[in-house]
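In: next comes the sequence, and after it the predicted model I'd like to discuss.
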Number of protein chains: 2
Amino acid sequence: MKVVYKVWLDRDGKAFGEGPFKLLKLIEKTGSLHRAAMEMKMSYRKAWLTIHSIEGKLGFPLLDKHVGGRSGGGSTITAAGTAFMKQYEGFRSDVRESLEEIYQKHFG
Amino acid sequence: MKVVYKVWLDRDGKAFGEGPFKLLKLIEKTGSLHRAAMEMKMSYRKAWLTIHSIEGKLGFPLLDKHVGGRSGGGSTITAAGTAFMKQYEGFRSDVRESLEEIYQKHFG
């Protein structure tokens, strides 16, 4: 047996969790919301709406959009977005460790 | 903002979690799988299948079924079932406390 879980941040509905975190990591890696959405097999529209909804719930912008230029434009994560991702990474890592410990304590 | 979660025990698929726990608590209270299912607005068939599947995954019986008699029969929780419920209660209480603490540490 093992413990399985879903944990997310909520503000009047889901605000942030594993899906959005993976999307942001892919935007960070690819420099593009379009490519990140493709890698997640998500429509660009859905990815954009996800980011937009999270920005509304968090109260700060996550993406800087660059239009045109030699690279053809793209998206980078804002400083506030990067800081939030680090915060969330610490949170999820503590959650993982703690749930495993609690499971072992009671059922191990 | 707040943290929201679903945590369950898994053995080749969901083995036990909040829904089954509530069902067992209601069986304990009402002495009847039928009445417990009704209180959860669940069909008797679904409640029975749920219990049956959990028993298979845990490897021990949860219910003693009493047929007929002055009380018209009913179900009581086995000793192993009661012990498991206590174990799960300790687990879920630690999970609740720990996730709240971790949330406060990172986002409080």
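Out: Structure received.
In: select the longest strand from chain A.
Out: Looking across chain A with DSSP state E, the single longest strand is strand A:2-10.
In: elements contacting it?
Out: The contact analysis (3 or more C-beta pairs under 8 Å, 6 or more residues apart in numbering or on different chains; DSSP states H and E) places strand A:2-10 against strand A:14-16, helix A:79-107, strand B:2-10. Bear in mind the C-beta positions are built from the backbone N, C-alpha and C, glycine included.
In: of these, which is nearest A:L26?
Out: helix A:79-107 (11.8 Å; C-beta to C-beta).
In: anything in that closest one near chain B?
Out: Yes - Helix A:79-107 is in contact with chain B by C-beta under 8 Å from any C-beta of the partner chain, via A:87-88, A:90-91, A:94-95, A:98-99, A:102-103, A:105-107.
In: including distance to B:I51 and mean neighbour count, could the helices and strands packed on strand A:2-10 go into JSON lines?
Out: Shown next, in JSON lines, are the helices and strands packed on strand A:2-10 (distance: least, C-beta to C-beta, whole Å; neighbours: other C-beta atoms under 10 Å in any protein chain shown):
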{"stretch": "strand A:14-16", "distance to B:I51": "31", "mean neighbour count": "19"}
{"stretch": "helix A:79-107", "distance to B:I51": "19", "mean neighbour count": "16"}
{"stretch": "strand B:2-10", "distance to B:I51": "15", "mean neighbour count": "16"}
